[in-house]
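Engineer: Provide a 3D model corresponding to the input given below.
(one chain, ligands or ions: 1)
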Amino acid sequence: MDYFKNLATLLELELAHDRAAHELVLASRTLTERKELGVTWYPIQISDSELGRGDYLTVTFHKTNDLENGHRFRFGMPISLFSNYAPQEDRIQGTIAFVNQNLMKVSFRTEELPDWSRKGKLGLDLLFDENSYREMKSALQEAERGIEDPQKGKLTRKLLGLEPIALADGRDDFDDVGLNISQNDAVRRILGKGDLAILHGPPGTGKTTTLIKAIAAGIKRSGGQVLIVAPSNTAVDVLAERLDQLGLNVLRIGNPVKVSAHLLALTVDEKASKHAGYKEVKGLEKQARAYTDMARKYKRNFGRSEYEQRKALLNEARKIRKDIDRIQDYVIEDILCKAQVIAATLVGANHPHIRDKRFETVVIDEAAQGLEPACWIPILKADRLLLAGDHCQLPPTIKSEERESKELFNTLFEKLVKRYPDSVSFLDTQYRMNSQIMTYSSVMMYDGRLKAAPATAEWRLVDDTEPIVFIDTAGAGFEEKEEEGALSNKEEADFLVNHLSALIAQLEGGHHGEKLPTVGVITPYRGQANRLKGLLSDIGGLPYVDLQVSTVDGFQGQEKDIIYISLVRSNTGGNIGFLSDVRRINVALTRAKKKLVVIGDSSTIGQHAFYKGFLDYVESVNGYHSVWEWNNV
Ligand SMILES: Nc1ncnc2c1ncn2[C@@H]1O[C@H](COP(=O)(O)OP(=O)(O)OP(=O)(O)O)[C@@H](O)[C@H]1O
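Structural biologist: As a prediction, the model looks like this:
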C-alpha cells in the first residue's frame, strides 16, 4: 500500500540526514567538543566485566570526572570503545545495556576485550543509532504486509479509514471526585470498548492524571495487561512512576533516565534480582565463572593435554550457562506475566522481551510528539488504541531540511484527530495559568474552549497587576545577528537580564524571606539561549532563584511562576523564520503560572497574523509597553 511506502521514503530521507549529521560530529569535532555535545565519555575506567548470555561480555565503565552536564547515551544504542594511543585503529563496538549519569554497562560480542584496552586511557563514542530506524522501517513493512490479513490488519485498516471504526459512547458510571467534568467524561469514553480513543490535553489540563486514572480503572475492572508507551524515556519514567504509585504492577522495559531507586525497581533486571529463581542463577553463575577462570589459566604455552583440559572446562561453563539461560527465560516470562502495565518507549515496544506480545489495549502518551513510523511499532501489537497528546504543541524533532520531510511533522495523532473527531475527548480546564496568560492561546489554538480552574484563574505575583506583558523593542536599535549560523540579539538579551533582575529585586523586597518564585527564560534560538546563560552567569546568577534558561524545545511539559520570552527577531523584512510555527510559540506562551513577559520587535513580528493578534490582545488587557518606558527611567 502506498501509504506505508510513502512513509518509508520519508523515513529514509530523515535517516540519511540524521546519520550524516551524527557522523560529521564524530569526524570533525575535537574530543572536548564531543564531550560537551554529550556524545563522548572520556576518560573512563573499567570497574567490572562479566561473561554472560550468548557469550557476550558485559563491561562496566565509570566516568572518572563528572564535569559534563548531561549526555546522549541511552539504553540499546551502539557505542565504540577506543584508546587514546590509537583512537582510529584501536576500536571495538558494543551496545549499551545500562546507563546513568556516570556509569555505563556495555555488551560486547566477544569473550575478552582486546589487549589495547589494558593500555592508555579509554573513551566511549556514541555511534549513530541505526537500530531505531531499523525498527521503524520494519514496522512500516509489517503494517503494509499485514493490511490484507483479516485479523492482524484490522486495527490498521480502521485507523487508515479503510474499514468502519467503533467508538465508545461514554455511557459508563465511572466518576472520580478528584477529576473534573471533562476528565471524568474522557475516562468514561476510554473505558468503553471502542477501537480508538483520543485524549486531547492542552497545557496544564491534567492529561497525565486522566490517563493514569483511566488505565488503573480499566485494569481494576477487567484485569488484563496494558502496554503504555511514549516517544521519550523521560515521559515513560513519569508514567511508570505514577502508575506504580497507584499500586499497579508496573514493568519498565529499558532503562529509566531519571535517577530514582523506585523507578529502577520496576525494571526487568531489578525484578529478576528479587525473583525466587535468582539465587539458583547466582549459584550457577559462580560455578560457570570458576570453570572459565580455571580454563583461562591455560592461556599460554600449553600442550595437547592442557588444550583438551581447557576445552572441557569451557564446555562445562557453556553448559551451565545454558541452564542459566533457561532459568532466566522462565524468570522473565514470570515477571512479564505478572505485570499489569508494561511501560516502554515507542521503539522499546520491540524490545526482545515483548517483541512478540500482543495487547488488547495499547496507550501512546505524548503521541503528537512521536514520529509516525515509530508509532506503528506499538500499534501493530494492539487490538485497540488510546492516544494522548496535544497537536497544538511541538511536533517531533526532524533533522532533515528537505521540504518533503516536513510531512513527518504531520503526525498520526493529528491525522486521527481530523479523521475521527468523535473519538476525541478534549480536556477543557487548565490548572497552570492565570486566565489572562491563558486567553490568547485558548482563542487561537483551542477555539476558545480552554478555561482556567477557579483557584488558578486569578493567581499572580504579590502586588502585581500585570500577569501578561509585551515589551516592544521596535525602533530601539536592537538587532538580530547571525554568528556561525546561530541567531541572537545582544541588546534584547541585555535588556531582558536587567528587567528580570529588577523584578526579582522588587520581589525580594516584598517577600520577607518567603520562597521566591521559579523563573524560566525561553527563547526560540539556541544562540540567544547561550548568550542569556552567559550574561546570567556573568552577574553571578540570581541568588535564591530557581532559574532555567532554555530553548522552547527544552521547556515542553514544564511550568514556572514567571516566564520571560526573548523573540530575537528584528529585521526590516518581517522575516520571522521558525517563529512562524505557532505550535512552537504556543508552548512558550503557556509555561507561565503567574507572570509572562514577552520581549520582541512589533515591527518585525507584527507582520505575521498570530503575533499581530497577540499584540492587540496584550494591549487590550493593558499589558503593552515600549522598551523606552524602562530605558528612560
Ligand atoms: N481535576 C483536577 N483538580 C485539581 N488539580 C488538577 C486536576 N487535574 C490535574 N490537576 C493538576 O494539574 C497539574 C497538571 O497535571 P498533569 O501533570 O496531569 O498535567 P498534564 O496535562 O499531563 O501536563 P502537561 O502540560 O505537561 O501535558 C498538576 O499539578 C495536577 O495536580
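
Engineer: residues near residue 112, how many?
Structural biologist: 12 (other C-beta atoms under 10 Å). Backbone N, C-alpha and C define where each C-beta goes, glycine included.

Engineer: from residue 55, how far out is it?
Structural biologist: As defined by C-beta to C-beta, to the nearest Å, residue 112 lies at a distance of 11 Å from residue 55.

Engineer: before we move on, what about residue 204?
Structural biologist: As judged by C-beta to C-beta, residue 204 and residue 55 stand 51 Å apart.

Engineer: neighbour-wise, which of those two wins?
Structural biologist: Counting neighbours by other C-beta under 10 Å for residue 204 and for residue 55 shows that residue 204 has the greater number, 21 against 11.

Engineer: report the spatially closest residue to that one, excluding sequence-adjacent ones.
Structural biologist: Closest residue in space to residue 204, ignoring its immediate chain neighbours: residue 432 at 3.0 Å, by C-beta to C-beta, 6 or more residues apart in numbering.

Engineer: in the stretch 351-500 of the chain, which residue sits closest to the ligand?
Structural biologist: With C-beta to the nearest ligand atom as the measure, residue 431 is the residue of the stretch 351-500 of the chain nearest to the ligand, at 3.4 Å.

Engineer: nope, the stretch 51-200 of the chain is what I was after
Structural biologist: At 4.4 Å from the ligand, residue 180 is the closest residue in the stretch 51-200 of the chain, using C-beta to the nearest ligand atom.

Engineer: so who does the closest residue to that residue other than its chain neighbours touch?
Structural biologist: Spatial nearest neighbour of residue 180, chain neighbours left out: residue 429 (5.0 Å); criterion: C-beta to C-beta, 6+ apart. Applying C-beta atoms under 8 Å, 6 or more residues apart in numbering, we find residue 429 in contact with 180, 182, 183, 205, 206, 450, 451, 452, 453.

Engineer: ranking these by neighbours, who comes first?
Structural biologist: For the contacts of residue 429, the largest number of neighbours (other C-beta under 10 Å) sits with residue 205, at 27 neighbours.

Engineer: that residue is in contact with residue 438, isn't it?
Structural biologist: No: using C-beta atoms under 8 Å, residue 205 is not in contact with residue 438; the gap is 10.5 Å.

Engineer: give the residues shared as contacts by these two.
Structural biologist: Residues touching both residue 205 and residue 438 by C-beta under 8 Å, 6+ apart: 430, 450.

Engineer: look up how far residue 388 lies from whichever residue of the chain sits closest to the ligand.
Structural biologist: Distances between the chain and the ligand by C-beta to the nearest ligand atom are smallest at residue 206, namely 2.7 Å. Here residue 206 is placed at a distance of 11 Å from residue 388 (C-beta to C-beta).

Engineer: thought the residue of the chain closest to the ligand was touching residue 427?
Structural biologist: Yes: assessed by C-beta under 8 Å, residue 206 is found in contact with residue 427 at 6.3 Å.

Engineer: so what sits against both of those two?
Structural biologist: residue 183.

Engineer: buried residues, the lengthiest helix in the chain. List them.
Structural biologist: Ranked by residue count and defined by DSSP state H, the top helix of the chain is helix 304-338. For helix 304-338, a neighbour-count test (16 or more other C-beta atoms under 10 Å) marks 310, 313-314, 316-317, 320-321, 324, 327-328, 331-332, 335-336 as buried.

Engineer: now the top strand by length along the chain, how far from the centre of its chain.
Structural biologist: If you go by DSSP state E, the chain has its longest strand at strand 40-52. Distance of strand 40-52 from the chain centroid (C-alpha atoms, centre = their mean, to the nearest Å) equals 26 Å.

Engineer: next: stretch 220-240.
Structural biologist: 14 Å.

Engineer: same check, this time on stretch 48-62
Structural biologist: Worked out by C-alpha atoms, centre = their mean, stretch 48-62 lies 28 Å from the chain centre.

Engineer: which residues are contacting that stretch?
Structural biologist: For stretch 48-62, the surrounding residues in contact (C-beta under 8 Å, 6+ apart) are 41, 44-47, 94, 97, 102-113, 122, 124, 288-289, 292, 321, 324-325, 328.

Engineer: again with stretch 473-484
Structural biologist: The contact list for stretch 473-484, computed with C-beta under 8 Å, 6+ apart, reads 487-492, 495, 527, 568-571, 599-604, 626-628, 631.

Engineer: ends of it, what's the gap?
Structural biologist: Taking C-alpha to C-alpha, to the nearest Å, the first and last residues of stretch 473-484 lie 25 Å apart.

Engineer: same question, stretch 535-545
Structural biologist: Distance between the two ends of stretch 535-545: 16 Å, counting by C-alpha to C-alpha.
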